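> below are the sequence and a predicted model; questions follow.
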Amino acid sequence: MTRREFVGGAALAAASVGRAGSPLPAGNKAAAKGGSALPSDRPRNRRPYSDVDWSKVIRVKTTSHGHCMNQAMLDKYLKRGFGLITMSNYYPSAPWCPASKMTKNYWRLHHEHPVMVNGKRVNGPFDWNKIIAPWKDTIDPKAGERKPAWYAKYPFVEGKKLFKPLPPGVLEAPNAEHHSFLLEDGRPAASLHICSPGSAFASGTFDAHNLAKTVSHGYNYGSGEFWGTAIDRMIAGFIHPDGGGVTINHPSWTKLDRELMLKMLDHDPRVLGIEVIEDSGHNSENYWDWALSTGRQCFGFFVPDWHVENKVFGVNVLCVQEKTVHACLKAYREGNFYGALVGLDALAFTRIAFDGKTVTAATDKPARFEVITARGVVKEQKGTEVSWTVEKEAPWQGPGIHVFARVKAYAIDGSGEVLFSQPFMLVDR
Ligand SMILES: [Zn+2]
Ligand SMILES: [Zn+2]
């Protein structure tokens, strides 16, 4: 059976679960402990930063989507000054948190979360050495040459710890990149990837490339469920009900269907938004402004994904009053963060505000500002601050034409840094 046929088979079974399914227990430890969620009728915050005291702000650099498989990769984040680590790995899509527990082959030996098997959700634990034993002789001895990064010799043996202890003061929270979802009609949701910083939810298996033939035997290597059901499970797995969220990953790179993007934003307000700087510098501002132009709040996320070597990185700068995991995850939920292209502190926002009439922003060094609305760039300004009043600057138009306003600040020191505020929504929806 090919992977494609298998996914099709799983689709029918999952489709019968349907959208109506209430948020289900995630089936992992944190969710079982009761990661209950806030009522989902609280909309995404249409006026971020309103409770940020900029005179006492602590900026915590992090990202909502960054793979981190070994100490060398972790060092790239730490060298950039990250204060919150939320590794988003897959195969399986399970939190590498705390990092101190992670060993070589960890999830092959400690797989406890449910998996879709022949279209049915089966609870863990999964003892892969035992499960694979009946077909171990059918494993291609050359499999390791095809995908060395994902290969481990059968029987699997747990190896050494992958990471040194995190430096003092560096926080960590669970996250993972989930994949292999189904659409409402049961077809595969090709290339749809979702991260959920702050959620302990886990999905899928280690065997994405079917090297150990588990896919051939019916074990789905990813979510295998309708994306809405999977998102409900991510939400049920939040370690803080009022913090963290769900992100729609790399829309440009995967050429995400725009209507699907809107459906996902409408599914639950804890689907916080989309990646804007993604996958090695792809820029998805066109997706972002298009979603915002519909009147929907949609936060932007800034991520390196796999590309931790690049200068253009993708950093979320969380604006908190105290440096705790809870405060950081709440900053994500409330939209109290801004994006940085490079994230090496060449430029920082010292204020981003909207009083209902005027958008203002300031930076710690001179910059070139742009105020962007549904009409495009409506104001450019050089200096250390910018302000834009919707009625004053465009009295013939008004908020209904502009819909939203966000601020972009370009460093003028040659560092290449660009900062992106979250959007303020100018209209009610
Ligand atoms: Zn991805
Ligand atoms: Zn990724």
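Looks like it came in fine. Ligands and ions are numbered 1, 2, ... in the order given.

> rest of the way, CA atoms for contacts and neighbours
Will do.

> can I see the domain layout of this structure?
3-339, 346-429 (automatic domain parsing).

> now those in CSV, with mean neighbour count and mean pLDDT?
Output for the domains of the chain, formatted as CSV (neighbours: other CA atoms under 10 Å; pLDDT from 0 to 100):
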stretch, mean neighbour count, mean pLDDT
domain 3-339, 20, 89
domain 346-429, 19, 93
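
> centroid-nearest residue for the protein?
Against the mean C-alpha coordinate of the chain, by CA atoms, centre = their mean, the closest residue is Cys195 at 3.4 Å.

> need the contact list for it.
64-65, 88, 175-178, 246-249 (CA atoms under 8 Å, 6 or more residues apart in numbering).

> just those residues now: which is nearest Ala331?
Using CA to CA, Ser64 is the member of the contacts of Cys195 that sits closest to Ala331, with 12.2 Å.

> check contacts around that closest one.
Counting by CA under 8 Å, 6+ apart, Ser64 makes contact with 86, 88, 175, 195-197, 247, 301-303, 316.

> would you turn those residues into TSV with distance to Ile58 and secondary structure?
TSV is the format used below for the contacts of Ser64 (distance: CA to CA, whole Å; DSSP: H, G, I helix; E, B strand; the rest coil):
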residue	distance to Ile58	secondary structure
Thr86	18	coil
Ser88	24	coil
Asn175	22	coil
Cys195	24	strand
Ser196	23	coil
Pro197	19	coil
Thr247	23	strand
Phe301	19	strand
Phe302	19	strand
Val303	20	coil
Asn316	13	strand
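
> list the strands paired with the strand ranked longest in the chain, with their directions.
Using DSSP state E, we find that the single longest strand of the chain is strand 358-373. Strand pairing for strand 358-373, using DSSP bridges, gives strand 349-354 (antiparallel), strand 376-389 (antiparallel), strand 404-411 (antiparallel).

> can I get these in JSON lines with distance to Arg47?
Formatted as JSON lines, those follow (distance: least, CA to CA, whole Å):
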{"stretch": "strand 349-354", "distance to Arg47": "7"}
{"stretch": "strand 376-389", "distance to Arg47": "15"}
{"stretch": "strand 404-411", "distance to Arg47": "10"}
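
> among the ones you listed, which comes closest to Leu341?
Closest to Leu341 of the strands paired with strand 358-373, according to CA to CA: strand 404-411, at 9.8 Å.

> after that closest one comes which helix or strand?
strand 418-420 (DSSP states H and E).

> would you mind identifying the next helix or strand past that next one?
Assigned by DSSP H and E, the successor of strand 418-420 is strand 424-425.

> against Ala72, how distant is Thr294?
42 Å (CA to CA, to the nearest Å).
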